[in-house]
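Engineer: build the 3D model from these lines:
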Amino acid sequence: MNIGDISLPKTASVLDALKLLDASAAQIVLVTDANQKLLGVITDGDVRRGLLRGISLEEAVDGVMNKTPKVLRPSDTAAAGRAAMLHYRVLQMPVVEEATGRVVNVRFLSDPRTGGFSDIPVVLMAGGEGRRLRPITQETPKPLIPIGGRPILETILRS
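Structural biologist: Numbering: from 1, shown residues only. I've put the predicted structure just below:
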């Protein structure tokens with residue numbers, strides 16, 4: 001993802017931020033200076049809270065932006081980034097160089113292009129006694145009964 005595609009200067013309006021949020025799958029706007037130093041971030045929740053406080057859409061984004069966002073460092077592993085996002089309950093975090101404060105990337109809890117989660121462990125529980133399907137379920141658990149040459153569970157997962 002190109003950082004410039006989701007960045008605005010702090011002089012941009014709240015309406016500009018809303019348009020960028022609407023146009024991008026990233027669900028975040030980075031407020032940066034000319035050197036891409038991170039000044040703050042904006043999500044739809046920040047805009048909503050600003051509007052409730054009486055901020056107008058024509059005002060500058062610095063009235064709604066989060067000026068102290070949680071950030072990752074380039075040296076943070078993918079696992080550390082995922083853990084931080086889960087801990088702070090955010091869907092994305094900018095990656096910022098410690099020395100310069102420059103944004104170099106944005107990491108996402110899920111892939112903004114597909115909406116699919118990446119590398120998040122899942123436990124799928126499938127069960128039931130299968131009484132109504134006896135005698136078929138005497139030897140085979142209900143989720144593993146083949147329908148159309150494929151176990152029911154596989155069909156569900158594929159769809």
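Engineer: any idea how far the residue lying farthest from the centre of the chain is from Leu18?
Structural biologist: Taking Cα atoms, centre = their mean as the measure, the residue most remote from the mean C-alpha position of the chain is Pro135, 45.8 Å away. Distance, Pro135 to Leu18, by Cβ to Cβ, to the nearest Å: 61 Å. For every residue, glycine as well, the C-beta is placed using N, CA and C.
Engineer: quick one: residues contacting Asp16.
Structural biologist: Leu8, Val61 (Cβ atoms under 8 Å, 6 or more residues apart in numbering).
Engineer: how close does the most centrally placed residue in the chain get to Val64?
Structural biologist: Taking Cα atoms, centre = their mean as the criterion, Leu91 is the residue nearest the geometric centre of the chain, at 3.1 Å. For Leu91, the distance to Val64 equals 18 Å [Cβ to Cβ].
Engineer: residues in contact with Ile28?
Structural biologist: Per Cβ under 8 Å, 6+ apart, neighbours of Ile28: Ile6, Leu21, Val41, Ile42, Thr43, Leu91, Gln92, Pro94, Val106.
Engineer: residues contacting the closest residue to the fourth one other than its chain neighbours?
Structural biologist: Leaving aside its chain neighbours, Ile42 sits nearest to Val29 (4.2 Å; criterion: Cβ to Cβ, 6 or more residues apart in numbering). Under the criterion of Cβ under 8 Å, 6+ apart, the contact partners of Val29 comprise Ile6, Ser7, Leu8, Ala17, Leu20, Leu21, Val41, Ile42, Thr43, Val61.
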